[in-house]
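>>> okay, here's the prediction I keep looking at, along with the sequence it came from:
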Amino acid sequence: LAQAARSGDLHAFRPGQMLATSRLLPRSPVYVGYVAVVATGYSAMFSFLSASSFVLQDGLGLGPATYALCFSVVVMGFVSGGFATQLLIRRLGIDRLIGIGSMVMIVAAVAMTAPILLGHVGVVTIVGPAALMTMGMALNNPSAMAGAIGPFARLTGTAAALLGFLQMTAAALVGIVVGQLTVHSPLPMALAMLTMAIATMTAHRLLVLRGRRLAGTA
């Protein structure tokens, strides 16, 4: 409220005003593309979170302590991706970093899916690619969030809230489906991660980069 008062927009928090401003955001393909990058990347991670206990504990017979250790390896992938983002963002820029992160996610998903299809399911072939997947997601998501919210200086709160809502909703839906399907096989989890990784790259190229080119041409 204090921010709204300082900016002179005393009606910013009225429901009608919030609905009117939120309608502006989906009209921007760049915003939609960045939101899709965040949502699909988060959904890829949630695919693992939803199914990892079935795969590692029930399927591979890991105990609680070993499962926790494996989970910490995946978390370290996310942390290392965050540190890499801080080091590379100014040098590479948002879109180049998202391109790299998306490719890392696809490589990770293929590295997990291929052994499963060949019948070679093990701790290393699950945890290693999952850690690489979260690293790629950590390269993408902060950059995509900045890209989505940055152009909307006067709609920052609305843009961030809508992004967060869509991110969590998509991840929850994907997580529920994957969790139900991965009870007897790790393949649904791996395929979901691969699908989300491909969707991440597709959204960035078709919506963000293409939207920018079209806007520049116009």
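Okay, I see it. Residues are numbered from 1 along each chain as shown.

>>> pull the longest helix from the protein.
In the chain, assigned by DSSP state H, the helix with the most residues is helix 64-92.

>>> for it, name the packing helices and strands.
Packing partners of helix 64-92 (3 or more C-beta pairs under 8 Å, 6 or more residues apart in numbering; DSSP states H and E): helix 29-52, helix 94-117, helix 123-149. The C-beta positions use only the backbone N, C-alpha and C, and glycine is treated the same way.

>>> poorly predicted segments of this protein, please.
In the predicted model, the chain carries pLDDT under 70 at residues 1-22, 215-218.

>>> just want the most central residue of it.
Centre of the chain computed as the mean C-alpha position; nearest residue by C-alpha atoms, centre = their mean is residue 41, 2.0 Å away.

>>> mind listing what that residue touches?
Each residue near residue 41 by C-beta atoms under 8 Å, 6 or more residues apart in numbering is listed here: 101, 105, 136-137, 140-141, 144, 196, 200.

>>> let me know the closest of the residues you listed to residue 80.
Residue 80 has its nearest neighbour among those in residue 136, at 10.8 Å by C-beta to C-beta.

>>> what is the neighbour count of the closest one?
Here the number of neighbours of residue 136 (other C-beta atoms under 10 Å) works out to 28.

>>> do you know how far it is from residue 50?
Residue 136 sits 18 Å away from residue 50, taking C-beta to C-beta, to the nearest Å as the criterion.

>>> go on, residue 125?
According to C-beta to C-beta, residue 125 and residue 50 sit 19 Å apart.

>>> those two: which is more packed in?
residue 50 (23 against 19).

>>> got a list of what that one touches?
The contact partners of residue 50, by C-beta under 8 Å, 6+ apart, come to 174-176, 178-179, 182, 189.

>>> ok, the nearest residue to the residue nearest to the centre of the chain once chain neighbours are set aside to residue 127 distance?
Of all residues not flanking residue 41 in the chain, residue 137 sits nearest, at 4.2 Å (C-beta to C-beta, 6 or more residues apart in numbering). From residue 137 across to residue 127, the span is 15 Å (C-beta to C-beta).

>>> the two - which one has more neighbours?
residue 137 (30 against 24).

>>> mind listing what that one touches?
By C-beta under 8 Å, 6+ apart, residue 137 lies in contact with 41-42, 44-45, 78, 81, 101, 105.

>>> hmm, 7 Å instead?
Counting by C-beta atoms under 7 Å, 6 or more residues apart in numbering, residue 137 touches 41, 44-45, 81, 101, 105.

>>> who's in contact with residue 76?
residue 131.

>>> ok, it to residue 34 distance?
For residue 76, the distance to residue 34 - C-beta to C-beta - is 26 Å.

>>> buried set for stretch 155-170?
By neighbour count with 16 or more other C-beta atoms under 10 Å, stretch 155-170 contains the buried residues 155, 157-159, 162-163, 166-167, 170.

>>> mind checking which of those are in helices?
Checking these against DSSP H, those in helices are 157-159, 162-163, 166-167, 170.

>>> how about the residues you listed in TSV, adding distance to residue 30?
Output for those, formatted as TSV (distance: C-beta to C-beta, whole Å):
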residue	distance to residue 30
157	19
158	16
159	11
162	14
163	13
166	15
167	17
170	18
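
>>> so which of those residues comes closest to residue 112?
Closest to residue 112, out of all of those and judged by C-beta to C-beta, is residue 170, at 20.4 Å.
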